[in-house]
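J.: Sequence and predicted structure are below.
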Amino acid sequence: MKKSMRFAEILMVFVSEKFDKQQQQLKACKKKNELESKLAHEMKLNLELKQQLTELNSRSGELERVCASFESLTIADSDKNRLDNAKDTYQLAKELTGVRFDFSAPPSVAKGYVKNEARRLLQPFGIDAGDSDALWALIKSAASQDWPKPLDKENVANN
């Protein structure tokens, strides 16, 4: 009986060690699978990033080529003179008429104000872009003495 107990103890130790070894192998396999899965995912991301980098590098080359073509552009002297003349004409017309345009308005509407410096008054306007007669009428009325005085201005002297 002692022999059979001894045998049973040895068998239990052997089975226990075998079981522990298999548990460790199972854990190692799970860990290996997890790491392989992560590696595959990282390799896929790496490939995608390399493709994006290649695409961006090709775009960079295109941008450099376009920028180089713009650097070679120059404005002809005649165009510079025409632009300067247009700026001077605009400034002169602005001073003579008192019209100030709101360039943020939609293209179909001419918006802004007419300024009368002598009377220190502003008259806002908003008309159809093609209605130049209305704009000239507004400029004419702003220059006349009949232009309405604002009643709510504090600094206007009553004459």
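T.: Structure received.
J.: Buried residues of the helix-or-strand element of the chain with minimal mean pLDDT, list them for me.
T.: Scoring the helices and strands of the chain by mean pLDDT, DSSP states H and E places helix 132-143 at the bottom, with a mean of 82. Using 16 or more other Cβ atoms under 10 Å as the test for burial, helix 132-143 gives Leu135, Leu138, Ile139, Ala142. For the C-beta atoms, the positions are set from N, CA and C on the backbone; glycine is no exception.
J.: Quick check: next helix or strand after the strand or helix carrying Asn33?
T.: Taking DSSP states H and E as the definition, Asn33 sits inside helix 2-71. Downstream of helix 2-71, the first helix or strand assigned by DSSP H and E is helix 77-97.
J.: next one: that following helix to chain centre, how far?
T.: 33 Å (Cα atoms, centre = their mean, to the nearest Å).
J.: what do you get for stretch 33-47?
T.: Computed by Cα atoms, centre = their mean, the chain-centroid distance of stretch 33-47 equals 35 Å.
J.: do the same with stretch 86-98
T.: 34 Å.
J.: C-alpha coordinates for that stretch, CSV please?
T.: The C-alpha trace of stretch 86-98 is given here as CSV (Å, rounded to 0.1, in the frame of the first residue of the first chain):
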residue,chain,number,x,y,z
ALA,A,86,-6.3,102.7,-62.8
LYS,A,87,-5.4,103.2,-59.1
ASP,A,88,-4.9,106.9,-59.6
THR,A,89,-8.2,107.2,-61.5
TYR,A,90,-10.1,105.3,-58.7
GLN,A,91,-8.6,107.5,-56.0
LEU,A,92,-9.5,110.7,-58.0
ALA,A,93,-13.1,109.4,-58.6
LYS,A,94,-13.4,108.5,-54.9
GLU,A,95,-12.4,111.9,-53.8
LEU,A,96,-14.5,113.8,-56.4
THR,A,97,-17.7,111.9,-55.9
GLY,A,98,-17.4,110.9,-52.3
